[in-house]
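Engineer: Requesting a structural model of the entry that follows:
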Amino acid sequence: MALFRTIALAALLCLAAPAAAQDPAVVYPPMEQRIAAAAQASRAASQMIAYDQAAWHATDQFLADAGSDTQSEIAARFPGAAGFVVIPTETQGQLEVLFVANRAEGPVAVASYIAEGSTILSGAIFAPGSERPLSPLAKRMFDAHNALLAAAAENSAGLCAPGTPNTLVLPPDESGVIHAYLLTPQTDPNSYPLGGHYRATIQPDGTVSEFRALYQDCLPITWDPEASDLPMQSFIATHSLDPQPNEIHGFVSYYVPFPMGIVTGDSIWIVIGGEIGEAVPMDAETGEIP
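Structural biologist: Got it, this is the predicted structure:
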């Protein structure tokens, strides 16, 4: 990884970084604070990727087991179908994906799958009458999913591609706060939108204390999969919402086949394969790198 970062840095520095969109008079926090915030964002991105992979592959397995691939067919077979929730398990690296339906007595799991990375280890659809009540953690995360959708509707959150948005709900942090994400779907295998993604911060009492965009516009990242120099390409974007990259930059970079450079005022940050790396100083007005 260190060698790959060195190559990526060389590729990024060969490009002219765009002049930062922020007012040059803006005073940024000390670099130590920005590096710490970027490291925290990188950890969140890694968790988002793990939960996204589990949900993606479990959904494929669920649809195959159900013998259905349309929303109407799923709704007919599972009355009250209401999406899924991904929860941690006691085994490191494994996640449980529960497919949920609303019932008069409350939400229940109609299917459960255990995922490790992109591999589904086990799971099945429960027989009728054997649906499983949600655990307190699963119920809280499912409620957070609903709170996310309500906040998105209340804030008229716009997407950057047609289709149903993806959702991610991470488990509560040490303070009991849940972060939930509404994500523009990837509709083209050779393009990924950097924007159209949102985060809701949900307090232990279930209230949404913040709903925000994670990037200032759509900015699709596109590539030619047949390009011979694809591994040596890179992408640079200016981020104006935070003093450092946030978790969406790490998340998107996992699905992009080359390194990204995220410019925040006086620095360009290397973001590769789901990780937010080092910051390289630059001139905020000219975009020049010393």
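
Engineer: Can you get me a residue count around Leu241?
Structural biologist: 14 (other C-beta atoms under 10 Å). Just so you know, the C-beta spots here come from the backbone N, C-alpha and C atoms, and that holds for glycine as well.

Engineer: quick one: contacts for it?
Structural biologist: Going by C-beta atoms under 8 Å, 6 or more residues apart in numbering, Leu241 touches Arg212, Ala213, Leu214, Tyr215, Gln216.

Engineer: what's the answer for Val169, then?
Structural biologist: Counting by C-beta under 8 Å, 6+ apart, Val169 has contacts Tyr51, Val85, Val86, Met141, Phe142, Ala144, His145, Leu148, Ile178, His179, Ala180, Tyr181.

Engineer: gap between it and Asp143?
Structural biologist: From Val169 across to Asp143, the span is 9 Å (C-beta to C-beta, to the nearest Å).

Engineer: Same check on Leu95?
Structural biologist: Leu95 is 19 Å from Asp143, by C-beta to C-beta.

Engineer: between these two, who's got more neighbours?
Structural biologist: Leu95 (21 against 17).

Engineer: For the more buried one, grab phi and psi.
Structural biologist: phi -130, psi 150 (degrees, to the nearest 10).

Engineer: cool, and Arg34?
Structural biologist: The phi/psi pair for Arg34 (degrees, to the nearest 10) is phi -70, psi -40.

Engineer: Excluding sequence neighbours, find me the nearest residue to it.
Structural biologist: Once flanking residues are discounted, Arg34 sits nearest to Gln244: 4.3 Å by C-beta to C-beta, 6 or more residues apart in numbering.

Engineer: In a helix, that neighbour, correct?
Structural biologist: No - read with DSSP: H, G, I helix; E, B strand; the rest coil, Gln244 is coil and lies in no helix.

Engineer: In contact with it, which residues?
Structural biologist: Arg34, Ile35, Ala37, Ala38, Ala41, Thr264, Ser267, Trp269, Ile276, Ala279.

Engineer: so how far is Val169 from the first one?
Structural biologist: By that I understand Arg34. 27 Å.

Engineer: Low-confidence stretches in the stretch 101-250 of the chain?
Structural biologist: Of all residues in the stretch 101-250 of the chain, none has pLDDT under 70.

Engineer: show me where it has helices.
Structural biologist: 136-154, 247-254 (DSSP state H, counting those that start in this stretch).

Engineer: tell me the SS of Pro257?
Structural biologist: Applying three-state DSSP: Pro257 is coil.

Engineer: Quick check: end-to-end length of stretch 158-168?
Structural biologist: Stretch 158-168 stretches 17 Å from its first residue to its last (C-alpha to C-alpha, to the nearest Å).

Engineer: Check what contacts it and list those residues.
Structural biologist: 48, 51-52, 55, 83, 86, 145, 148-149, 152, 180-187, 193, 195-196, 218, 220.

Engineer: Would you mark the buried spots in that stretch?
Structural biologist: Leu159, Cys160, Ala161, Pro165, Thr167, Leu168 (16 or more other C-beta atoms under 10 Å).

Engineer: Keep only those of these that are in strands.
Structural biologist: Counting by DSSP state E, these place Thr167, Leu168 in strands.

Engineer: Tell me the one among the buried residues of stretch 158-168 nearest to Pro79.
Structural biologist: Closest approach between the buried residues of stretch 158-168 and Pro79, by C-beta to C-beta: Thr167, at 21.1 Å.

Engineer: if we look at the sheet, which residues does that closest one bridge to?
Structural biologist: Legend: beta-bridge partners of Thr167 under DSSP bridges are Leu182.

Engineer: Just want to check the distance between it and Gly250.
Structural biologist: Thr167 is 18 Å from Gly250, by C-beta to C-beta.

Engineer: Out of the helices of the stretch 101-250 of the chain, which one sits most buried?
Structural biologist: helix 247-254 (a mean of 26; mean count of other C-beta atoms under 10 Å).

Engineer: For that helix, output the C-alpha coordinates as PDB.
Structural biologist: This file holds the C-alpha atoms of helix 247-254, laid out as PDB (Å, rounded to 0.1, in the frame of the first residue of the first chain):
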ATOM      1  CA  GLU A 247     -16.300   9.900   4.800                       C
ATOM      2  CA  ILE A 248     -18.000  10.100   1.400                       C
ATOM      3  CA  HIS A 249     -14.700  10.700  -0.300                       C
ATOM      4  CA  GLY A 250     -13.300   7.500   1.200                       C
ATOM      5  CA  PHE A 251     -16.400   5.600   0.400                       C
ATOM      6  CA  VAL A 252     -16.600   6.700  -3.300                       C
ATOM      7  CA  SER A 253     -12.900   6.100  -3.800                       C
ATOM      8  CA  TYR A 254     -13.500   2.400  -3.100                       C
END
